[in-house]
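Participant: could you work out the structure for the sequence below:
(one chain, ligands or ions: 2)
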Amino acid sequence: MYSLLAGLDLAMPALLAIFAWTGGTKAFRLAYTGSAGQLARRSRKLYSWAVYSSLAALIGSAAIILLAVSHAPVFWIDRLTLHVPFELGTAAAIWLVAVPRLRRLRQAARAADGALPHTLRAEAAAPGIVIPFHAAALGGLAGLFYALVPPVPVRTLPVIVPVLIYVLALGALYVRHVRRWRQICEADVLVRRQPWSRFVRFIITVSIVGAIAAAGIWAGLENSKLPARISMTAGEMDWGGGAEPGADAAGLEEPAHHAVTVHTAHQGHVAESAVNDGESEGAIALASGSSAGGDAVISVSELTGPQQAEADRTFTLTAERQDVKLATGETVKGAWTFNGQLPGPELRMREGELIEVKLVNRDLEEGVTIHWHGLDVPNAEDGVAGVTQNAVMPGQSYTYRFIAEQTGTFWYHSHQDSQEAVSKGLFGPLVVEPADKGNGESEKDAVQKTGDSDIIVMSHVWDGVGFAVGDSTGVQQRTVTPGTEVRLRLINTQDWVRQKYTLIGAPFRVAAIDGTDVNEPELLNDKHIELTTGGRMDLVFKMPDTPVFLAVGQGSKLGIAMSPDGQNVVPGKLPKEKTSAFNPIHYGKAAATSFNADRKFDREFTMVLDNKLGFYNGTLNQLYTINGKVFPDTPMYMVREGDLVRTTIVNRGSVDHPMHLHGHHVLVLSRNGVKSDGSPWWSDTLDVLPGDTYEIAFVADNPGLWMDHCHNLTHAVTGMSMHLMYEGITSPYEVGSDTLNHPE
Ligand code: C2O
Ligand code: CU
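Facilitator: Numbers count the residues shown, from 1 in each chain. Ligands and ions are numbered 1, 2, ... in the order given. So this is what the prediction gives:
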């Protein structure tokens, strides 16, 4: 519904502009008609353009009013106050000013006969006829502009500038039409400029307007170029209404956009210098002993996992470029791989184990890191280039050490050039099994690999090959003894795809969401799963005597066929019964959590997701914004260790955004005002659909500097990224073209 209404709010002003401008052009030509009869006919035809224009304005405004009755103000307040007046107001002017004149003109023209009397010609040229059409066309353009570049949250310039341009343009048109009208009135025969002269004037006007627009675009492109070095600790701090460091923590100025700080911190001492990118304003003065918003100073590089103890399990992942042959025979050329595999090797471990992973970069000049998506590891182990470490370049290696504290289904991926790296293959599944499997196995027992009853279903599109589950582009077949409990671990890694999974042949439960068990999940048989990019769900079912099929995507060409005898049984067509998408909001049974919606929150943030046309790093692009901005202008949410934080996430835009906060799991409190009252719904990758409002909360219990971004990595790479920052944390790492770090 929201998408439809917002779509109308985009399409209708465009139509208004086209219809009203067409009307305006026809109104302009009235004065050059040959005969009175023709003038009468033409003025009548103009009514239709008045009707078309006002229909567009009416439908557009009605959509906004429907939004206003069904949604919170953040979705429509700008639309109501800016789009509606521009569209409806100017369309009304056509009826109030132009149409009465047209009617009189038509009557007079019908009364006259034969050649057009000069007085009538002068009346036909009256500015009152043509100007309202042009005003409405420009009004449509203004509405369209505001829809494409929403000035939300409200800022003065983005609201005012279009109004000024509108007034200027309308003024120019007015002057022009009045002059023409006077000329026609004063002359006693019709003199019209030669076609070539009209053409030259047209070209001149277009060139002037074009030159102004081009200058504006050029300035925008230049201004948007990212500084060569950006410290992730420089950003606009948002304290969420909670406690801030005392004003006497002297000397901390808000960093100017292009200024860049470099601070290297050791406990109790900050060495810092400021670097400019050449043309920008002031550097930052940091008083000794202060950091990004606090007094005590800890560098992210100190927030490591256990360094000394002996690891319970070690892995080595070697990043290298490879052509990889899939199980189904296709070759993925020039893939970026871990250990030459697509996807990377499955990492299985047991809860409580100390894990050591050695990352070696053999030959990827782009650099590599490993981020443990969904595992809340200590900050220095989080694997984000330029935030928690430097990118690992060819010939280098890096060791991650952390305790696997959560159980469930996760994945790992490079967080250097993450959009390209994930798309090309630098990722793999990660599973943490519970410490106690209840079968007497000792803690150090080898964990089980993906098999016939514990199946990893990782869906991805391989370059040049297409959709696949793991390394297979077809149906994989498994033999499963009836009665076995089967766990399907769904992991969607494909950028900007909400993947669909349908289980046919057995009722199932959603046992876990984003690596967290669901409390007492009910049996489902008329649901399918839609999984956002980066999200995971575990489906569990008891194998019946008959075959079961997990369809991945729309048809039955891709998936997992399970049968007692190993026969490859795939339904030719998916059964007709309609399934609806699984929705966790009331699923499972409520259980106690360490906090709930009624608690007092130490900080409250609002995150408004949207899209707009804009400049990013020297390009003109469709941007996906957080609070109207893209990185590095996006806010930095500031917290103190121990804070209970609530965030309201609103998606005003036209596409979905899977929001992923590193290092923490968030509890969904409500969606669109509906309380989440089933099993506690913990998420690390929350899919926020257009028109959705989520209230989420988390405990700030993992100090550091954490990325918080959209996991449609295509969005993140053009700036849909921000971070969560603990008071008193500094980072010695930087991103930008002068560094090797490009986290997105
Ligand atoms: Cu899976 Cu910041 O990413
Ligand atoms: Cu997004």
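Participant: next, count neighbours for the closest residue to ligand 1 within the chain.
Facilitator: With C-beta to the nearest ligand atom as the measure, the residue in the chain that lies nearest ligand 1 is His373; the distance is 3.8 Å. Any C-beta I mention is one placed from the backbone N, CA and C, and that applies to glycine too. Other residues within reach of His373 by the criterion other C-beta atoms under 10 Å amount to 26.
Participant: contacts only, for the nearest residue to it once chain neighbours are set aside.
Facilitator: By the measure of C-beta to C-beta, 6 or more residues apart in numbering, the closest residue to His373 outside its immediate chain neighbours is Trp411, 5.0 Å from it. Taking C-beta atoms under 8 Å, 6 or more residues apart in numbering as the criterion, Trp411 is in contact with 373-374, 427-430, 458, 491, 493, 534, 536.
Participant: out of these, who's near ligand 2?
Facilitator: Within the set of the contacts of Trp411, contact with ligand 2 (C-beta under 5 Å from the ion) is found for no member.
Participant: nearest to ligand 2, of the residues you listed?
Facilitator: Of all the contacts of Trp411, Gly534 has the smallest distance to ligand 2: 10.8 Å, by C-beta to the ion.
Participant: count the neighbours of the residue nearest to that closest one when sequence neighbours are not counted for me.
Facilitator: Taking C-beta to C-beta, 6+ apart as the measure, Gly534 lies nearest to His711, with 3.7 Å between them; neighbours along the chain are not counted. Other residues lying near His711 total 26 when counted by other C-beta under 10 Å.
Participant: so His711 touches Thr685, yeah?
Facilitator: Yes. In terms of C-beta atoms under 8 Å, His711 counts as a neighbour of Thr685; the distance is 5.5 Å.
Participant: go ahead and confirm the residue of the chain closest to ligand 1 touches Thr409.
Facilitator: No. With contact taken as C-beta under 8 Å, His373 and Thr409 are classed as non-touching, separated by 10.4 Å.
Participant: re earlier: so what pLDDT did the residue of the chain closest to ligand 1 get?
Facilitator: For His373, the pLDDT comes out at 98.
Participant: can we start the residue count at 181 from this point?
Facilitator: Noted, 181 is the first residue going forward, which turns the last one into His553.
Participant: contacting residues for it?
Facilitator: Contacts for His553 (C-beta under 8 Å, 6+ apart) come out as 590-593, 714, 840, 864-865.
Participant: turn those residues into a markdown table, including pLDDT and secondary structure.
Facilitator: Shown next, in a markdown table, are the contacts of His553 (pLDDT from 0 to 100; DSSP: H, G, I helix; E, B strand; the rest coil):
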| residue | pLDDT | secondary structure |
| --- | --- | --- |
| Phe590 | 98 | strand |
| Trp591 | 98 | strand |
| Tyr592 | 98 | strand |
| His593 | 98 | strand |
| Gly714 | 97 | coil |
| His840 | 97 | strand |
| Asp864 | 97 | coil |
| Thr865 | 97 | strand |
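Participant: and this structure, which of its residues are near ligand 1?
Facilitator: Selection of the chain residues close to ligand 1 by C-beta under 6 Å from any ligand atom yields 551, 553, 593, 595, 714, 840, 842, 887, 889, 891.
Participant: narrow the contacts of Trp591 to those in strands?
Facilitator: Secondary-structure check on the contacts of Trp591 using DSSP state E: residues within strands are 553, 607-610, 638, 671, 716.
Participant: and what about the residue of the stretch 581-730 of the chain found nearest ligand 2, helix, strand or coil?
Facilitator: Among residues of the stretch 581-730 of the chain, the one nearest ligand 2 by C-beta to the ion turns out to be Trp676. It sits 7.6 Å away. Assigned state for Trp676: coil (three-state reduction, DSSP: H, G, I helix; E, B strand; the rest coil).
Participant: doesn't Arg528 fall inside a helix?
Facilitator: No. Judged by three-state DSSP, Arg528 forms no part of a helix; its state is strand.
Participant: which strand residues bridge it?
Facilitator: Bridge pairing for Arg528 (DSSP bridges) gives the partners Val611.
Participant: shouldn't it be in contact with Thr589?
Facilitator: No. No contact is recorded between Arg528 and Thr589 when judged using C-beta under 8 Å, the distance being 10.7 Å.
Participant: tell me the pLDDT at Asp616?
Facilitator: The score at Asp616 is 72. That number is its pLDDT.
Participant: cool, and Leu432?
Facilitator: According to the prediction, Leu432 has pLDDT 43.
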